[in-house]
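S.K.: coords please:
(chains A and B)
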2 protein chains.
Amino acid sequence: MTQSRKAVVLLSGGLDSATVLAMAQAEGFLCHTVSFDYGQRHRAELDAAAKLARQSAVAEHKVITLGLGGMGGSALTDESLAVPESPQAGIPVTYVPARNTVFLALALGWAEVLDARDIFIGVNAVDYSGYPDCRPAFIEAFERMANLATRAGVEGEGFRIRAPLQDMSKAQIIEAGQRLGLDYSLTVSCYQADSQGRACGRCDSCRLRTAGFAAAGVVDPTLYRPE
Amino acid sequence: MTQSRKAVVLLSGGLDSATVLAMAQAEGFLCHTVSFDYGQRHRAELDAAAKLARQSAVAEHKVITLGLGGMGGSALTDESLAVPESPQAGIPVTYVPARNTVFLALALGWAEVLDARDIFIGVNAVDYSGYPDCRPAFIEAFERMANLATRAGVEGEGFRIRAPLQDMSKAQIIEAGQRLGLDYSLTVSCYQADSQGRACGRCDSCRLRTAGFAAAGVVDPTLYRPE
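M.R.: Predicted coordinates:
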């Protein structure tokens, strides 16, 4: 594989997508990263993504702004819904309607413009927190749809939606990132991190992250805010 | 069907989507319309959509803003590419990468929040101008993906992507709209309409529209700008 083979990598600034970026670069891809500003509460993620992109010397980092016009429907964008701090049954209120569908659709458009064929996303089905759009069946259905939707899919080689974390536990993800030299202190996972990127330590995302570092036997570099 | 059954209707302000809105209302749906501001040149469409929504007394009209960060790739958003004024072979330069995928994904998110299950889109395969994301195979693949992507698709009744114009010619669409009392002077189809909504009469979209009115034997209410 030549260095000039391009990929689009969804980069949220969290632990998972940062690991995916390191993996894609290790495979030799020239990475174009994209973050989405959709009015999420956890805006520290966007800063973390930009910093990660810079430190990883990606080809280009783009922030796509989505003005959803107060569509609501999720605790991650709607101030009137509380972020839960104990495990919930079923699909959680932090689920953002059709989020990965929207993100992948926009990444697909950019990939087509760039003439990239690989789109990387950091979903995983083990620690997937109950989101339906993190499951392998969704990723496969999206890829199939993408190759019917686009000029490149119809006339050319077709797109691959790459989800290398699909079957990995949080601990395995952290171990993989460590082997690739990833500095996890640059990443922010918390759903309600403060403006300095300090985590709450209590939300779903913090709990998965903390448990992951413990299970991997790696010192947790996360900056938690004082109680 | 009760009046309270909700639908999301993609409303561009053009002839096709206006007809779809009239059809969905005739079926008894409480319609929520959505337009997308993605930096398109033909901004007169957005004004036409808002006016149509108002005159049709829809439940809610939303404009979703997409800040694509200069992604480019289409004559409809990129000022450096000319809008062609004669028929072109293959997929035209006015193709916007993954546009219908992005629009449907955002409509899907809104439908899930609203608890609507029907999403209407005005694509049609006869006069489809060479866009791959207007074909029936794409619509079917999107619907399948949508029902794997969402809480409502997984836990509930599932979404239907409705493309009632799919097999209609432009003339048949115009005839259907006329029967439903639609005032086509409110719609704008031109890819390079001026600020007053006056059409060029020469682009692909204008040519299809003009020929459609002629074939339907209906007086063309389009306002063309002077040469």
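
S.K.: where is the longest helix in chain A?
M.R.: In chain A, assigned by DSSP state H, the helix with the most residues is helix A:99-114.

S.K.: what mean pLDDT does it have?
M.R.: Taken as a whole, helix A:99-114 has a mean pLDDT of 92.

S.K.: which elements pack onto the helix or strand following that helix?
M.R.: The C-terminal neighbour of helix A:99-114 among helices and strands, as given by DSSP states H and E, is strand A:118-120. Here strand A:118-120 touches strand A:6-10, helix A:15-26, helix A:99-114, strand A:160-162, going by 3 or more Cβ pairs under 8 Å, 6 or more residues apart in numbering or on different chains; DSSP states H and E. For every residue, glycine as well, the C-beta is placed using N, CA and C.

S.K.: off-centre distance for the third one?
M.R.: The chain centre lies 13 Å from the centre of helix A:99-114; the measure is Cα atoms, centre = their mean, to the nearest Å.

S.K.: dump that helix to PDB, keeping only the CA atoms.
M.R.: Taking Å, rounded to 0.1, in the frame of the first residue of the first chain, the C-alpha atoms of helix A:99-114 are listed here in PDB:
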ATOM      1  CA  ARG A  99     -26.200  10.200  14.500                       C
ATOM      2  CA  ASN A 100     -23.800   7.600  12.900                       C
ATOM      3  CA  THR A 101     -26.000   7.600   9.800                       C
ATOM      4  CA  VAL A 102     -25.600  11.300   9.500                       C
ATOM      5  CA  PHE A 103     -21.900  11.300  10.300                       C
ATOM      6  CA  LEU A 104     -21.200   8.500   7.800                       C
ATOM      7  CA  ALA A 105     -23.300  10.100   5.100                       C
ATOM      8  CA  LEU A 106     -21.300  13.300   5.400                       C
ATOM      9  CA  ALA A 107     -18.000  11.400   5.500                       C
ATOM     10  CA  LEU A 108     -19.100   9.500   2.400                       C
ATOM     11  CA  GLY A 109     -19.700  12.800   0.500                       C
ATOM     12  CA  TRP A 110     -16.200  14.000   1.500                       C
ATOM     13  CA  ALA A 111     -14.600  10.700   0.600                       C
ATOM     14  CA  GLU A 112     -16.100  10.800  -2.800                       C
ATOM     15  CA  VAL A 113     -14.800  14.400  -3.300                       C
ATOM     16  CA  LEU A 114     -11.300  13.300  -2.100                       C
END
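
S.K.: and that helix with strand A:6-10, angle?
M.R.: In terms of direction (axes from the mean of the first three to the mean of the last three Cα atoms, to 10 degrees), helix A:99-114 departs from strand A:6-10 by 160 degrees.

S.K.: does chain B sit close to helix A:99-114?
M.R.: Yes - using Cβ under 8 Å from any Cβ of the partner chain, we find that helix A:99-114 touches chain B at A:99-102, A:104-106, A:108-110, A:112-113.

S.K.: where does chain A dip in pLDDT?
M.R.: Residue ranges of chain A with pLDDT under 70: A:1-3, A:41-42, A:69-96, A:127-130.
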